[in-house]
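Undergrad: Any chance you can model this:
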Amino acid sequence: MEKFLLIIREDLKRLRQHTKKEQLSELLEMQEWTDWIIASGNYIDSNPLKSSGRYITKDSILSDGPFIESKEGVSGYYLIHASSMGHAIEITQHCPLLKRGLAVVEVRPVDVQQR
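TA: The predicted structure follows:
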């Protein structure tokens, strides 16, 4: 089994306009998907990300969040086991936010090398 990082990207403006009810509804949907991944035996870890943070460049640390003038931002991640990129994509296609067109998900293989 290989490891894959699923990077959840969402529209930041939409997220800022979320009502508490919408936030809870999406959280419950994502928890169901997480439970499904856990039950499949492919789950390693996942977390939502806060919108606060710092954007760091070679010459400076900018303080207006990690999304500097961006429409889309990373709202969370999943680390999973999958037998192939195709298998990781199959798992990802069950993401409720992806299915509803509310997010895009970048699927990246983790490069695990011997040390």
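Undergrad: Please name the nearest non-neighbouring residue to Arg54.
TA: Ile61 (5.3 Å; Cβ to Cβ, 6 or more residues apart in numbering). Where C-beta positions appear, they are placed from N, C-alpha and C, glycine not excepted.
Undergrad: Double-check the one you found against Gly53; I have them as touching.
TA: No: the criterion here is Cβ atoms under 8 Å, and Ile61 misses it with Gly53 at 10.5 Å.
Undergrad: Same drill for the two, tell me which one is more crowded.
TA: Between Ile61 and Gly53, counting by other Cβ atoms under 10 Å, Gly53 is the more crowded of the two (14 against 8).
Undergrad: For that one, give me the backbone phi and psi.
TA: phi 160, psi -170 (degrees, to the nearest 10).
Undergrad: ditto for Leu15
TA: Main-chain torsions, Leu15, degrees, to the nearest 10: phi -60, psi -40.
Undergrad: ok, the residue nearest to it when sequence neighbours are not counted to Ile8 distance?
TA: Spatially, and ignoring its direct neighbours in sequence, Leu15 is nearest to Ser75 (6.6 Å; Cβ to Cβ, 6+ apart). Computed as Cβ to Cβ, to the nearest Å, the Ser75 to Ile8 distance reads 5 Å.
Undergrad: Got the confidence number for Glu106?
TA: According to the prediction, Glu106 has pLDDT 96.
Undergrad: ok, for it, nearest residue in space, not its chain neighbours?
TA: Computed as Cβ to Cβ, 6+ apart, the closest residue to Glu106 that is not its neighbour in sequence is Ile7, at 4.1 Å.
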